[in-house]
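Visitor: model the following, please.
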Amino acid sequence: METLKSPLEQKVLLENVSWETYERLLAEREERRKPRFFYDQGVLEIVSPSTEHEALSRTVALLVQLLTAELGIDLFSAGSTTFRREDLERGFEPDESFYFAENAGRLRGKGDIDLSIDPPPDLVVEIDVTSPSLNKLPMYARLGVSEIWRLAEGRAEILLKANGDYEASLVKGSGVLPSVTSEALGRLVEEGLTLEHPVWVRRIREWARSNR
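Guide: Below you'll find the predicted structure:
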């Protein structure tokens, strides 16, 4: 067992955990958002996010909502929904997750999302304010997530799936919101954490219009 503790958040990594134990923990937690569970073929990470972590997550979520509304792109936000597939022995609860366009319409109004028949999120947001103890990228790739926005150690990175793995999109930007590059993502999120909220919202809307 590996435990990472800080004033910011706590992570516990357990090995040799059965799928049945993972599902029992999910059931016992019921509808609470914390802790979050990531399961990868017997390895279980338990995460209790910090206030800083949650502030970053909500800022990115609002950023996506503002941009898609301004650009006229349909959006369905699945938040930190539990996504899992027993046949692959993998499950995750992202900081934020989104479906766009046709997939948004397909998932809107649906109850639980079943990855055996439903598509994975078009975009997953992963935030690490402490060092990650479980490499989640192979799990996301295996479950079919096409894009990840990762914020870690003061950096923002857009990762696009290519040839079964993720590659950093340094120039061409996001696959779902092409005007958003890694540099723009980092700047817009930082402004969201430091500017007064009405000022930031106006800036995002103006930026979206100028980058249609």
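
Visitor: low-confidence ranges in this protein?
Guide: The model of the chain has pLDDT under 70 over residues 1-9, 131-133, 170-171.

Visitor: longest helix anywhere in it?
Guide: helix 51-71 (DSSP state H).

Visitor: quick check: which element contains the residue nearest the centre of the chain?
Guide: Nearest to the mean C-alpha position of the chain, by CA atoms, centre = their mean, lies Val125 at 2.3 Å. Following DSSP states H and E, one finds Val125 within strand 123-128.

Visitor: now do the buried residues in the helix or strand following that strand.
Guide: Toward the C-terminus, strand 123-128 is succeeded by helix 137-142 as the next helix or strand (DSSP H and E). Within helix 137-142, the residues that count as buried by 16 or more other CB atoms under 10 Å are Leu137, Met139, Tyr140, Ala141, Arg142. The C-beta positions use only the backbone N, C-alpha and C, and glycine is treated the same way.

Visitor: and for stretch 105-117?
Guide: Residues of stretch 105-117 classed as buried by neighbour count (16+ other CB under 10 Å): Leu107, Ile113, Leu115.

Visitor: is the first one in contact with Leu115, as I believe?
Guide: Spelled out, that is Leu107. No - Leu107 lies out of contact with Leu115 (CB atoms under 8 Å); the separation is 11.6 Å.

Visitor: what residues are up against the nearest residue to Glu96 once chain neighbours are set aside?
Guide: In space, Glu96 comes closest to Val125 once its chain neighbours are excluded; the distance is 3.9 Å by CB to CB, 6 or more residues apart in numbering. Val125 sits next to Ser57, Val60, Ala61, Pro94, Asp95, Glu96, Ser97, Ile148, Trp149, Arg150, Leu151 when contact means CB atoms under 8 Å, 6 or more residues apart in numbering.

Visitor: tell me how far the closest residue to Leu137 other than its chain neighbours lies from Ala61.
Guide: Distances taken as CB to CB, 6+ apart put Tyr166 closest to Leu137, at 5.4 Å, once the chain neighbours are dropped. The gap separating Tyr166 from Ala61 is 21 Å, by CB to CB, to the nearest Å.
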